[in-house]
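Chemist: have a look; sequence and predicted model below, questions after that.
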Amino acid sequence: MVNMVDMIDNLLEEVTELINDKVILITGGTGTFGNKITDIILNKYRPRKLIIFSRDEYKQHNMKQFFPDSKYSSIRYFIGDVRDYERLVVATKNVNIIFHAAAMKQVDTIEYNPHEAIKTNIIGTENVIKAAIHNGIDKVIAISTDKCVNPINLYGATKLCLEKLIIHANLMAGSNRTKFSVLRYGNVLNSRGSVIPLFQSQNNSENSDFFTITDKSMTRFTLTIEQAINFVLNSASIMIGGEIFVPKINSYNILQITECINPNKKIKIIGKRPGEKLHEVMISSDESYRTLIKDSFFIIVPEIKINYDYNQYYGNNYLPENKPYSSDNNELINLFQLKNLIKKIN
């Protein structure tokens, strides 16, 4: 069994075998996740081919400036949309691994454009699954979020559907070799739509005398993009199919962020946005009884019967029943650590 203590902060040796000489496709490859995982894969490993699959030609143009094919001979840029099954079938031919990160993510935008979110986040995921099974891909790793647990907004609900679809895909695949697993984690510091860029903008603006926050008691799980990518790659390297991987990470209170950026700036309470929670839950009380505990992460095993022996592979140390893993009952990161993380991402 591999040493899984450093699933978040360090890359396992098994990732080399996962990536080297493999053909990899990243849906939503021009986003924060796609850019960072591309950087790590191209500069630390030797993929046979790395395909950036996204619908935004402008973002692909910008990405090419950082990862030109003249320097990175294995990279390919495919224009396409996960809503388009036929394009996915073509793009995933001879692919070994898919990292499925394509999604509409902005909570407030999705609340006002629900049909579009369903097309991308749910129907798009279904198309990825069907294309992967059609082409006999080895592994599909889908990126989820803590907002899918007891969702109150459509973004969370679509990610809950993603998780259900991905786990069930192991049954759809049947005797096909394709394995499907999910990565569920919290807010990535400095990612698109996160609060840190907003507060930094407000702090630097001559027209803003205060930070706008929704509620002083709000908490969130958080990790850096590097930790998120390490966790994704490590989990992909050990997955057997059907797991939901969840990292053990700290939480922060919203006032800790304002304290780190400018402790002297005033606070203005503006109330919750549509579909916003005060606290997030990474593992619900209804999931805890089937959640295996590892040193630096959890594994939620599926409710539906998939013919894999998770206990033989991962052990049998489970969370107690009705034991949620929530941002408000979790250990808060200390201010010194948080300040250092914010410095690193700027």
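Modeler: Done, it's in.
Chemist: for the stretch 101-250 of the chain, give me the ranges with low pLDDT.
Modeler: Low-confidence segments of the stretch 101-250 of the chain, defined by pLDDT under 70: 190, 192-193.
Chemist: rerun at 80
Modeler: 175-176, 190-194, 206-207 (pLDDT under 80).
Chemist: what ranges do the strands span in it?
Modeler: Remark: strands assigned in the stretch 101-250 of the chain by DSSP state E, counting those that start in this stretch are 139-145, 179-185, 187-188, 210-213, 219-223, 244-247.
Chemist: may I see the ones you listed organised as a markdown table, with mean neighbour count and distance to residue 10 added?
Modeler: For glycine as for every other residue, the C-beta is placed from the backbone atoms N, C-alpha and C. A markdown table is the format used below for the strands of the stretch 101-250 of the chain (neighbours: other CB atoms under 10 Å; distance: least, CB to CB, whole Å):
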| stretch | mean neighbour count | distance to residue 10 |
| --- | --- | --- |
| strand 139-145 | 25 | 19 |
| strand 179-185 | 25 | 16 |
| strand 187-188 | 23 | 18 |
| strand 210-213 | 17 | 34 |
| strand 219-223 | 23 | 14 |
| strand 244-247 | 24 | 13 |
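Chemist: right, and those strands - which one's nearest residue 296?
Modeler: Closest approach to residue 296 among these is made by strand 244-247 (7.0 Å; CB to CB).
Chemist: may I see the strands of the stretch 101-250 of the chain organised as a markdown table, with distance to residue 282 added?
Modeler: Listed next are these as a markdown table, based on distance: least, CB to CB, whole Å:
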| stretch | distance to residue 282 |
| --- | --- |
| strand 139-145 | 9 |
| strand 179-185 | 7 |
| strand 187-188 | 11 |
| strand 210-213 | 22 |
| strand 219-223 | 6 |
| strand 244-247 | 5 |
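Chemist: so for residue 333, which of those sits nearest?
Modeler: strand 219-223 (7.2 Å).
Chemist: got the contact list for that closest one?
Modeler: 8, 146, 185-189, 231, 247, 249-254, 278-280, 282, 327-328, 330, 332-333 (CB atoms under 8 Å, 6 or more residues apart in numbering).
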